[in-house]
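Trainee: Build me a structure from this.
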Amino acid sequence: MKVSAKDTQGRCVIFDTLRRGKIGPILHVHLKMGEWFYVLDGEFKFQVDEEIMRLKTGDTLFVPRNVKHAFVKTSEGAARLIVMHQPAGTMEEYFRTASKMPDQRPEARKELAAKNDTIFVGGRLDPD
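Mentor: Predicted coordinates:
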């Protein structure tokens, strides 16, 4: 985490994520927050609603609340993605709790996600 919700009075939270595998979150919606992405290094495939787009180092994308979205790393090697949720909501707690769960399958995380403004609405993107 680069900026905590505590630092912004809940206005946003910013994460610096290191992506090693060609995997990403399943298609989901945030009901109360928008999500901004900045590709610091590497390449990613994003789905926003029905649109598929490719982002590379230096590209940004904002996904408004109530819009389904997912992403997957497509480049070789490690990649970095800066992610901001706005407002912060409870995303810090969600990631902290989810990262400690022994079962990382989406089915196991679905209830926790729903309690934290994240509704799963589909599967994972193929990095093709």
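
Trainee: average pLDDT across the helix or strand hosting Phe37?
Mentor: Taking DSSP states H and E as the criterion, Phe37 maps to strand 34-41. Average pLDDT, strand 34-41: 98.

Trainee: Also stretch 47-63?
Mentor: 98.

Trainee: Endpoints of it, how far apart?
Mentor: End-to-end distance for stretch 47-63: 10 Å, by CA to CA, to the nearest Å.

Trainee: what ranges of this structure fall below the confidence cut-off?
Mentor: Judged against pLDDT under 70, the chain has no low-scoring part.

Trainee: Give the buried residues for the strand holding Phe37.
Mentor: By neighbour count on 16 or more other CB atoms under 10 Å, the buried set for strand 34-41 is 34-35, 37-39. From N, CA and C alone the C-beta is placed, and that goes for glycine too.

Trainee: now swap in stretch 62-81 and tell me
Mentor: 63, 68-75, 79, 81.

Trainee: Kindly report the same for stretch 116-128.
Mentor: Residues 116-118, 120, 125, 127 are the ones in stretch 116-128 that count as buried (16+ other CB under 10 Å).

Trainee: Can you give me every residue that contacts Thr118?
Mentor: 28-30, 94 (CB atoms under 8 Å, 6 or more residues apart in numbering).
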